[in-house]
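everything below, folded, please.
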Amino acid sequence: MKKTFAILTIILMSLLFINCKKENKSQDFSAITKGYFDKKNELDPLGATQSGQNEYNDKFVYDMTDSYRKKQADFFNKYEKELASVDTMKLSAEEKNSFDIIKWETGIGKQLLKQNANLMPFQQFWGMHLTMGQYAGGASGQPFKTEKDYTNFLKRLDLYSVWVDSAIVYMKKGIQKGIILPKSLTEKVIPQFADMPTPKVEDNLFYSSLKLMPSTFSDGVKKDLTAKYTAMINDKLVPQYKKMTRFLKEEYLPASRTTSGIGSLPNGKELYAIYVKQWTTTTMTPEEIHNLGLSEVARIKQEMEKVKTQVGFKGTLREFFEDVKNKPELKPFKKPEEVIANFETIYQKIKPNVNKLFALQPKTKFEIRRTEAFREKTSSAEYNQGTADGTRPGIFYVPIPDVANYNIYGDEDLFLHEAIPGHHFQLSLQQENAALPNFRKFIWFGAYGEGWAMYTESLGKELGLYTDPYQYFGMLGNEMHRAVRLVVDTGLHSKGWTREQAIKYSLENEAKSEASIISEIERYMAIPGQALSYKIGQLKISQLRKKAESKMGDKFDIKMFHEKVLESGVMPLALLEKKINAWIASSK
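Modelled structure (predicted):
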């Protein structure tokens with residue numbers, strides 16, 4: 001009996017030891033994911049603010065400098081080594097996803113650091129100057145609720161004023177090495193700096209938050225903050241904006257390149273290949289993507305012809321594009337508020353049907369707003385995520401630079417993509433998922449995120465939209481837009497296309513105004529590869545749905561499919577495919 005008891009004790013102790021080892025291993029990996037998140041926030045404090053990590057609200061980095069890039073390299077090397085020490089066999093399925101995501105991010109990050117893209121530290125679409133301007137407006141990521149919030153932003157502004165000097169230093173290096181923006185992009189950037197100084201300080205964008213000071217602030221606090229912000233604007237920011245404007249006009253613009261794609265830069269083709277991998281999270285080559293784009297353009301054209309026939313238009317498809325662009329009935333608004341109201345109507349229309357497709361829905365609140373005036377002329381419609389704690393809602397921004405020419409034919413599709421059930425559902429659910437480590441809640445992969453948003457455009461009829469053939473044509477138009485992106489982005493950056501060639505191809509295949517297409521082409525020139533993510537991701541998610549429907553038959557549940565796609569947040573497409581395949585297999 002004693003011997004039997006001793007054996008049982010040994011077995012129990014062994015099991016306890018094994019379980020402890022598993023728990024310790026899980027705890028060790030949790031420590032890795034926590035450290036990874038904290039260090040990422042240190043390296044990107046403005047992004048941390050946008051994600052609601054408010055302990056970084058006074059921090060700022062000079063992201064183009066050699067010293068900063070050394071910190072990035074150390075970060076990637078550190079976590080590569082830490083991953084090497086993890087026994088992946090003892091990780092849960094979700095922990096394995098986290099492991100693979102960190103491995104993917106560190107790998108692509110190290111590849112990018114081998115390039116000299118930091119010598120072009122901003123452009124007209126993305127840049128520190130745009131983010132800080134948006135934060136200064138008081139309605140974005142930077143909070144302005146307490147006195148500390150205001151002093152935090154003052155500290156950040158002080159550091160930002162020095163950023164201008166650092167940017168100029170590295171842009172001069174870019175001129176010397178031939179790594180420089182195209183002329184057409186430099187021309188777009190100049191007004192973003194030149195228009196910032198104002199005759200009256202009260203009209204300056206960086207004064208905006210003072211107009212939002214809470215009534216609970218004492219008169220003394222208000223007076224002190226007003227004096228400090230006024231001095232910051234007049235003594236530091238305005239001189240720096242004028243300095244950057246002079247540099248851009250006198251030195252950078254004359255040196256700017258006449259080529260359109262980054263393939264013309266030293267090592268440009270290698271850089272573009274990395275961007276393609278980064279944005280699509282696949283191993284597809286630019287050539288493969290270009291050919292895919294051509295085939296998708298041809299397919300969507302056939303669908304457009306059907307709509308043209310349905311509405312009784314007798315001309316060519318190209319003529320139908322012109323008719324749709326200029327049709328007075330599709331430009332019904334006289335005030336910007338009417339554009340916003342139309343999106344609110346779309347929102348109310350789909351609400352009853354959302355429950356039919358989605359069991360998993362976010363708690364984060366949602367708002368529709370007009371894009372701020374300072375960036376409206378160069379912006380596309382976009383979604384800015386809210387915070388998981390509910391202190392800031394998700395915001396769908398709509399630029400309305402010319403309301404008289406605002407065409408509504410694509411608005412239903414646009415709402416599904418940018419708002420519900422597109423970006424608002426995906427990003428909010430990701431942030432709200434308590435089972436995910438923090439770094440997963442605030443991560444982004446364009447192919448998954450934009451792919452999901454584009455996939456949701458195909459749900460319009462299931463949600464009660466697209467009853468008007470022009471709105472359905474709007475969906476096809478936006479799908480065509482993303483297919484054209486595959487062709488022109490790869491054309492610009494890997495095939496040596498000029499800006500004008502890309503504009504011509506887009507005009508021939510899209511029902512968009514020339515001004516809109518020029519803005520889009522210059523966007524692709526500014527952020528190579530990003531535009532590829534939409535269609536690549538959409539096609540993969542649509543493919544996975546068809547596969548699940550085929551394999552699972554009567555067991556297929558659309559609500560569960562959407563939950564499986566959304567529940568773990570963004571990830572490289574190969575990981576998503578692995579996850580859905582496991583779900584399909586489990587049904588058997």
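
use CA for all of it now, contacts and neighbours both
Noted.

okay but residue 260 is in contact with residue 500, surely?
No: assessed by C-alpha atoms under 8 Å, residue 260 is found out of contact with residue 500, at 9.1 Å.

the more surrounded of those two?
Under the neighbour definition other C-alpha atoms under 10 Å, residue 260 and residue 500 were set side by side, and residue 260 has more, 26 against 13.

who touches the more buried one in this structure?
When contacts are counted by C-alpha atoms under 8 Å, 6 or more residues apart in numbering, residue 260 touches 182, 492-493, 496-499, 525.

ok, now with 6 Å
Applying C-alpha atoms under 6 Å, 6 or more residues apart in numbering, one finds that residue 260 lies in contact with 182, 498-499.

got a quick ChimeraX command for the buried subset of these?
Per 16 or more other C-alpha atoms under 10 Å, the buried members of these correspond to this ChimeraX selection:
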select :182,498,499
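
as CSV, the contacts of residue 260 with pLDDT and secondary structure would be great.
Compiled in CSV, those are given as follows (pLDDT from 0 to 100; DSSP: H, G, I helix; E, B strand; the rest coil):
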residue, pLDDT, secondary structure
182, 97, strand
498, 97, coil
499, 96, helix
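
which of the contacts of residue 260 sits closest to residue 398?
Nearest to residue 398 out of these is residue 499 (C-alpha to C-alpha; 26.0 Å).

residue contacts, that closest one?
Contacts here follow C-alpha under 6 Å, 6+ apart; on that basis residue 499 touches residue 260.

now do residue 440
Not one residue lies near residue 440 by C-alpha under 6 Å, 6+ apart.

show me the shaky parts of the stretch 351-500 of the chain.
For the stretch 351-500 of the chain, applying pLDDT under 70 flags no range at all.

closest to residue 409 out of the contacts of residue 260?
The shortest distance between residue 409 and any of those, using C-alpha to C-alpha, involves residue 499 and amounts to 26.6 Å.

for residue 266, see how far away that closest one is.
As for residue 499, its distance to residue 266 is 19 Å (criterion: C-alpha to C-alpha, to the nearest Å).

repeat for residue 324
42 Å.

burial of residue 86, as a residue count?
Residue 86 has 16 neighbouring residues, counting by other C-alpha under 10 Å.

neighbours around the residue lying closest to it once chain neighbours are set aside, how many?
Distances taken as C-alpha to C-alpha, 6 or more residues apart in numbering put residue 29 closest to residue 86, at 7.3 Å, once the chain neighbours are dropped. Applying the criterion other C-alpha under 10 Å, we find 23 residues in the vicinity of residue 29.

burial count for the residue lying closest to residue 426 once chain neighbours are set aside?
Once its chain neighbours are removed from consideration, residue 426 has its nearest residue in residue 566; the separation is 6.2 Å (C-alpha to C-alpha, 6+ apart). Around residue 566 there are 21 other residues, counting by other C-alpha under 10 Å.

what's the answer for residue 309, then?
Other residues near residue 309 come to 12 when the count uses other C-alpha under 10 Å.

on the pLDDT front, check it for me.
The per-residue pLDDT reported for residue 309 equals 96.

and it, which helix or strand is it part of?
Residue 309 is part of helix 286-310, with elements assigned from DSSP states H and E.

can you point out the buried residues in that helix?
For helix 286-310, burial by neighbour count (16+ other C-alpha under 10 Å) applies to 286, 289-290, 292-294, 296-297, 300-301, 304, 307-308.

ditto for stretch 567-579
In stretch 567-579, residues buried by neighbour count (16+ other C-alpha under 10 Å) are 567-573, 575-577, 579.
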